[in-house]
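Novice: no FASTA, just this:
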Ligand SMILES: Cc1cc2nc3c(=O)[nH]c(=O)nc-3n(C[C@H](O)[C@H](O)[C@H](O)COP(=O)(O)OP(=O)(O)OC[C@H]3O[C@@H](n4cnc5c(N)ncnc54)[C@H](O)[C@@H]3O)c2cc1C
């Protein structure tokens, strides 16, 4: 129908039939200056122009498509949709570019935080070492206990120990005697103190006395205990003993005072460390008989001078030999009872013998306490050879005795039954469960040998009385002071003593 009307109009336009201008709305839009002839007839309009004129000049909007016209292809988008699509695409494309400012701000903040920490943090706290010989490191007073009138137990803990602890660091080793230097920052002086491999595991609620435990595991390192004597006229000891809980002190070390010389037994398993319970101390390993025996030492100490000996005895890898210790104290109370208990354990395992000489009771170290020296069991390779030869001779003698017994066997069988024949023999597989059993039932007696080396440690007056005045006034810091006193009288020489000052 619509097509027919259009065709008709087209026919009329193409023929020169004058049409009525008001009949069609389109024709009304012909401009006034159009070429209208004076006769009033309208000149014919080209088809293309009339088509253009006939076209509705309204923008197409799919929303207006109420008739539900469908398209073979997607319907064209509305301008609004086109714009929002453009915006969406531009958003997608610049996602990372959009995040860039936030990332830059975040990065700058993190950098700022680390830079601030780096420049403001105490560099010493970042050092992962427990001790350094050439640099003071911070420690905290983690416990303080007054033992008697002028003695204090002070536990020191490496600052930030939890975060810096390196498990491979082992400060304590019975093969050396060492001390730490503590700094008094106000007057800039240092003093040496002898750390003990102990830490405070708890506190008695009634007496406030600490329960001391031995440092036996790597994770317990970074803590140790000092026993400090306070001198009324001593600037440093007064300062140190007046430190409060969590006060910071600066330490340097370890300062090695003495290193135990090599012994062939060093190649064999270490002697087990002491334990807080006697029954827990492991028995000594069995050392081969053809190796020179470990050394026996004498230790003459006064006051806190006993601490180097205790450090060695309580450490892992304690000396394998036997130590005869003479400890001069002003009062019984000068040495905390828990240290005496550990010393008792060492005695019960056959590692040491302690003789306490209390001056308030009238005791004093005398010539009768000092034995004469003997040659060391090991002083060089020749000793190993001699020891092997001695062992060979011993085995030979045992064999000879066995053969002799076999020859005389008949006569032995005839003898009446003895008591030891009736008592059943111990199962040879029966091994001691701890060092105490090993020493009490298998060895019984400490070695009845003279010491081959002597240590002297204490105040100057004491050292002079026992062994003469030390002299370290030389480049090598070698003690060249003449030997005198009790040791000289018993035949000791400078080569087999060590004065710890
Ligand atoms: C290697 C080493 C390890 C040491 N370990 C310890 C330790 O573990 N515990 C400890 O308390 N001390 C220890 N000392 C001693 C310590 O270093 C100080 O010398 C002591 O604390 C006194 O220092 P001060 O500044 O308080 O006294 P100072 O001002 O040096 O002396 C004050 C007065 O005390 C007297 N005096 C100083 N030292 C002694 C002494 N040892 N015996 C007797 N009288 C003395 C002096 O003659 C003086 O009259 C050790 C010393 C050395 C060298």
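Specialist: Okay, I see it. Owing to the predicted nature of the structure, the values given are computational and were not obtained by experimental measurement. Numbers count the residues shown, from 1 in each chain.
Novice: Helices of the stretch 1-150 of the chain, start to end?
Specialist: Assigned helices in the stretch 1-150 of the chain, in chain order: 2-14, 25-28, 47-54, 79-93, 95-120 (criterion: DSSP state H, counting those that start in this stretch).
Novice: Ok, the stretch 151-300 of the chain next?
Specialist: 161-164, 235-241.
Novice: can you list those in a markdown table and add mean pLDDT, mean neighbour count and distance to the ligand?
Specialist: For glycine as for every other residue, the C-beta is placed from the backbone atoms N, C-alpha and C. Output for the helices of the stretch 151-300 of the chain, formatted as a markdown table (pLDDT from 0 to 100; neighbours: other Cβ atoms under 10 Å; distance: least, Cβ to the nearest ligand atom, whole Å):
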| stretch | mean pLDDT | mean neighbour count | distance to the ligand |
| --- | --- | --- | --- |
| helix 161-164 | 74 | 12 | 21 |
| helix 235-241 | 95 | 17 | 3 |
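Novice: Which among those is found nearest to residue 333?
Specialist: Across the helices of the stretch 151-300 of the chain, residue 333 has its closest neighbour in helix 235-241 (15.9 Å, Cβ to Cβ).
Novice: Give me the distance from the closest one to the chain's centre.
Specialist: Offset of helix 235-241 from its chain centre (Cα atoms, centre = their mean, to the nearest Å): 29 Å.
Novice: what packs against that helix?
Specialist: strand 151-158, strand 176-184, strand 189-193, strand 223-229 (3 or more Cβ pairs under 8 Å, 6 or more residues apart in numbering; DSSP states H and E).
Novice: on that earlier part again, just put the helices of the stretch 151-300 of the chain in a markdown table and tack on distance to residue 152.
Specialist: Putting the helices of the stretch 151-300 of the chain into a markdown table (distance: least, Cβ to Cβ, whole Å) gives the following:
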| stretch | distance to residue 152 |
| --- | --- |
| helix 161-164 | 21 |
| helix 235-241 | 5 |
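Novice: what's the closest of these to residue 322?
Specialist: Closest to residue 322 of the helices of the stretch 151-300 of the chain, according to Cβ to Cβ: helix 235-241, at 33.3 Å.
Novice: Nearest to residue 79 among the helices of the stretch 151-300 of the chain would be which one?
Specialist: Proximity to residue 79 (Cβ to Cβ) singles out helix 161-164 among those, at 63.9 Å.
Novice: what does the protein put close to the ligand?
Specialist: 179, 191-194, 226-229, 231, 233-237, 257, 303-304, 307, 459, 501 (Cβ under 6 Å from any ligand atom).
Novice: switch to 8 Å and redo it
Specialist: Contact residues, the chain versus the ligand (Cβ under 8 Å from any ligand atom): 151, 179, 189, 191-195, 226-231, 233-240, 255, 257, 302-305, 307-308, 458-462, 500-501.
Novice: Among those residues, name the buried ones.
Specialist: Buried residues within these, counting neighbours by 16 or more other Cβ atoms under 10 Å: 151, 179, 191, 193-195, 226-230, 236-237, 239-240, 257, 302-305, 307-308, 458, 462, 500-501.
Novice: quick one: contacts for residue 246?
Specialist: 140, 141, 142 (Cβ atoms under 8 Å, 6 or more residues apart in numbering).
Novice: From those residues, list just the buried residues.
Specialist: Those of the contacts of residue 246 that meet the buried threshold are 140, 141, 142, by 16+ other Cβ under 10 Å.
Novice: Take these and lay them out in JSON lines including distance to residue 402 and pLDDT.
Specialist: Output for these, formatted as JSON lines (distance: Cβ to Cβ, whole Å; pLDDT from 0 to 100):
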{"residue": "140", "distance to residue 402": "65", "pLDDT": "95"}
{"residue": "141", "distance to residue 402": "65", "pLDDT": "96"}
{"residue": "142", "distance to residue 402": "62", "pLDDT": "95"}
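Novice: Relative to the ligand, which of the residues you listed is nearest.
Specialist: Of all these, the ligand sits closest to residue 141, with 14.9 Å by Cβ to the nearest ligand atom.
Novice: Would you agree the closest one is in contact with residue 245?
Specialist: Yes: Residue 141 lies in contact with residue 245 (Cβ atoms under 8 Å); the separation is 5.9 Å.
Novice: who touches the closest residue to residue 490 other than its chain neighbours in this structure?
Specialist: Distances taken as Cβ to Cβ, 6 or more residues apart in numbering put residue 372 closest to residue 490, at 4.7 Å, once the chain neighbours are dropped. Going by Cβ under 8 Å, 6+ apart, residue 372 touches 450, 490, 491, 492.
Novice: Which secondary structure state is assigned to residue 354?
Specialist: Secondary structure for residue 354, judged by DSSP: H, G, I helix; E, B strand; the rest coil, is strand.
Novice: So it is in contact with residue 327, correct?
Specialist: Yes: the pair residue 354 / residue 327 is scored as a contact, 6.2 Å apart, by Cβ under 8 Å.
Novice: Give me the more crowded residue out of those two.
Specialist: The neighbour count for residue 354 versus residue 327, taken as other Cβ atoms under 10 Å, is higher for residue 327 (24 against 20).
Novice: next SSE after the helix or strand harbouring that one?
Specialist: Element membership for residue 327, per DSSP states H and E: strand 322-329. Next in sequence after strand 322-329, counting helices and strands by DSSP H and E, comes helix 337-348.
Novice: What angle do strand 151-158 and that following helix make with each other?
Specialist: Here helix 337-348 points in a direction 90 degrees away from that of strand 151-158 (axes from the mean of the first three to the mean of the last three Cα atoms, to 10 degrees).
Novice: pLDDT on helix 337-348, on average?
Specialist: Across helix 337-348, pLDDT averages out at 94.
Novice: Extract the residue ranges of the protein that are flagged as low pLDDT.
Specialist: For the chain, the stretches flagged by pLDDT under 70 are 1-42, 56-60, 62-74, 93-95, 117-125, 164-167, 380-389, 391, 409-430, 441-448.
Novice: How about it: which residue is closest to the ligand?
Specialist: Across the chain, no residue is closer to the ligand than residue 234, which sits at 2.2 Å (Cβ to the nearest ligand atom).
Novice: Please report how far residue 296 lies from residue 265.
Specialist: In this view, residue 296 and residue 265 are 13 Å apart by Cβ to Cβ, to the nearest Å.
Novice: Let me know whether residue 223 touches residue 161 as I believe.
Specialist: Yes: assessed by Cβ under 8 Å, residue 223 is found in contact with residue 161 at 7.2 Å.
Novice: Please name the nearest non-neighbouring residue to residue 131.
Specialist: The nearest residue in space to residue 131 (Cβ to Cβ, 6+ apart) is residue 253, at 4.8 Å.
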